[in-house]
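**Q** model the following, please.
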Amino acid sequence: MFRRNSTEPETTPTHDKVGGKGRPTPSRKEAEAAARARAKVPRTRKEQAAAQRGARGDTSRRMREAMKTGDDRYLPARDRGPVRRFIRDFVDARFSFIELMVPLLIVSMILGYNGSTVQLGNTLLFTTLLVIIVDIVMLRFRLRRELARRFPGETPKGATLYAAMRSLQMKFLRLPKPQVKIGEKLPETYR
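**A** Okay, the predicted model is just below:
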């Protein structure tokens with residue numbers, strides 16, 4: 001048999017788990033204490049109010065994150081579902097004249113204050129409003145056609161109002177945040 005020299009240090013291979021949790025497993029005592037702390041029911045009104053405030057804060061934080069990322073689980077009920085997601089993407093992927101509305105309204109206000117250009121300012125204002133109305137009507141017809149093609153069994157109740165309200169907002173102010181760019185091709189399935 002081969003005898004190892006006592007002066008040589010023993011080397012044992014260490015295996016670090018790739019993608020591990022990054023912390024040691026808690027002992028049974030620690031895990032039970034944490035479970036008891038989570039299960040502890042608030043006894044006073046003050047403790048109950050604090051627990052409710054914490055739960056509301058957590059829920060609102062999740063909703064804010066969902067509004068940024070488009071996560072369907074935590075969105076408000078009015079924004080949930082594949083049909084609403086398609087409507088949001090449909091509105092966000094098209095250029096609308098409504099995005100030019102605020103600058104044009106500012107120009108018409110400036111022209112309206114000057115005595116000699118009041119007529120020009122009013123003409124610009126009414127032309128802007130007319131173009132926006134035509135844009136919303138065209139949006140309605142195109143959206144209805146796409147909804148009938150992509151979601152044949154669904155009723156488009158409330159779809160026009162939802163799309164119009166979203167299109168009336170400036171793109172950077174829309175919530176949930178736009179997930180597509182202008183002109184981007186939309187996926188065929190949203191289920």
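
**Q** rest of the way, CA atoms for contacts and neighbours
**A** Noted.

**Q** find the centremost residue of this protein, please.
**A** M67 (2.8 Å; CA atoms, centre = their mean).

**Q** so where's this structure uncertain?
**A** Scanning the chain for pLDDT under 70 picks out the ranges 1-20, 191.

**Q** all helices of it, in order?
**A** Using DSSP state H, the helices of the chain run over 28-39, 45-69, 82-92, 101-113, 118-150, 159-167.

**Q** so which bits of the first one are buried?
**A** Neighbour-count burial for helix 28-39 flags no residue at all (criterion: 16 or more other CA atoms under 10 Å).

**Q** who's in contact with the nearest residue to R94 once chain neighbours are set aside?
**A** Spatial nearest neighbour of R94, excluding adjacent residues (CA to CA, 6 or more residues apart in numbering): I182 at 5.3 Å. When contacts are counted by CA atoms under 8 Å, 6 or more residues apart in numbering, I182 is found next to D92, A93, R94, F95.

**Q** out of those residues, which is nearest to K29?
**A** D92 (52.9 Å; CA to CA).

**Q** one step back: how many neighbouring residues does the nearest residue to the residue nearest to the centre of the chain once chain neighbours are set aside have?
**A** Leaving aside its sequence neighbours, M67 sits nearest to P176 (CA to CA, 6+ apart; 4.2 Å). Using other CA atoms under 10 Å, P176 has 21 neighbouring residues.

**Q** verify the stated contact: P176 with M63.
**A** No: contact criterion CA atoms under 8 Å: P176 and M63 do not qualify, at 9.8 Å.

**Q** care to break the protein down by domain?
**A** Domain segmentation of the chain under automatic domain parsing yields 44-75, 79-173.

**Q** now the first one: buried residues?
**A** Think domain 44-75. R62, M63, R64, A66, M67, K68, G70, D72, Y74, L75.

**Q** so the second one is in contact with R80, correct?
**A** Right, the one you point to is M63. No: using CA under 8 Å, M63 is not in contact with R80, being 11.9 Å away.

**Q** surely R140 and G158 touch.
**A** No: using CA under 8 Å, R140 makes no contact with G158, being 11.1 Å away.

**Q** which one's more surrounded, those two?
**A** Legend: neighbour count by other CA under 10 Å for R140 and G158, higher for R140 (17 against 10).
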